[in-house]
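Novice: Based on what follows, work out the 3D shape:
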Amino acid sequence: MGRKHGRNLPKVIEAIANLEESNVARLVNDEPVEVQVDGSPVEIAPDDVEVELEPLEGYSISEEPGLLVGVNTTITEDLKNEGLARDIVRRIQALRKEADFEIDDEIETYYIGDAVLEEVFAQENEYIAAETLSMIVVKGDPPEGTHVEEYKIEGLKLKLGLKRIP
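Specialist: Numbers count the residues shown, from 1 in each chain. Next up, the predicted model:
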């Protein structure tokens, strides 16, 4: 652009930096735009600039010709708890398998652990129970005769005990 605009280049660059979103979109779509430099119109061709799309903080973007998709990547407390609940379900299912329970056996589930995981159990109780066929979910040490295992989920301790309901 230096040869094309000569000593006006710094002013042209400043005008480009201050383009409205609609004009940036035109450049992205290979359309020229016009900017004002010292009161005179200057045409900026798509080949004159390189447009880089940067996502807003907390978003990830993917671009294809004619399409731009932005996805919010912020992990809320609810999403984090849902993920932990899925991890808990996976651990219960693994313990069911280790205990040689049948796929349709109803069980009692006992748990004790770090406060965060206990809170997840409290918030996601229905989901955990439904996914694991837990008819009873109890916060506390498992009684004798249960299949017990200790886990770490994201660095948090969890002790699970499962008992088949006859």
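
Novice: In terms of helices and strands, where is the closest residue to residue 37 other than its chain neighbours?
Specialist: Nearest in space to residue 37, with sequence neighbours left out and distances taken as C-beta to C-beta, 6 or more residues apart in numbering, is residue 11 at 4.7 Å. Glycine gets a C-beta too; all of them are placed from N, C-alpha and C. Using DSSP states H and E, residue 11 falls within helix 9-17.

Novice: How far off centre is that helix?
Specialist: Chain-centre distance of helix 9-17: 38 Å, with C-alpha atoms, centre = their mean, to the nearest Å.

Novice: Next, the angle helix 9-17 makes with whichever helix or strand comes after that helix.
Specialist: Sequence-wise, the next helix or strand downstream of helix 9-17 (DSSP H and E) is helix 21-28. Between helix 21-28 and helix 9-17, the angle comes out at 110 degrees (axes from the mean of the first three to the mean of the last three C-alpha atoms, to 10 degrees).

Novice: Of all the residues in helix 21-28, which ones are buried?
Specialist: Residues 23, 26, 27 are the ones in helix 21-28 that count as buried (16 or more other C-beta atoms under 10 Å).

Novice: Give me the helices and strands touching that helix, please.
Specialist: strand 33-37 (3 or more C-beta pairs under 8 Å, 6 or more residues apart in numbering; DSSP states H and E).

Novice: tell me the mean pLDDT for the helix holding residue 11?
Specialist: When pLDDT is averaged along helix 9-17, the result is 87.

Novice: Flag every buried residue along that helix.
Specialist: 12, 15, 16.

Novice: Tabulate the CA atom coordinates of it in PDB.
Specialist: Coordinates of each C-alpha in helix 9-17 appear next as PDB, following Å, rounded to 0.1, in the frame of the first residue of the first chain:
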ATOM      1  CA  LEU A   9      -0.200   5.900   4.000                       C
ATOM      2  CA  PRO A  10      -0.300   6.600   7.800                       C
ATOM      3  CA  LYS A  11      -3.600   8.400   7.300                       C
ATOM      4  CA  VAL A  12      -5.000   5.600   5.200                       C
ATOM      5  CA  ILE A  13      -4.000   3.100   7.800                       C
ATOM      6  CA  GLU A  14      -5.700   5.100  10.500                       C
ATOM      7  CA  ALA A  15      -8.900   5.300   8.300                       C
ATOM      8  CA  ILE A  16      -8.800   1.600   7.800                       C
ATOM      9  CA  ALA A  17      -8.300   1.000  11.600                       C
END
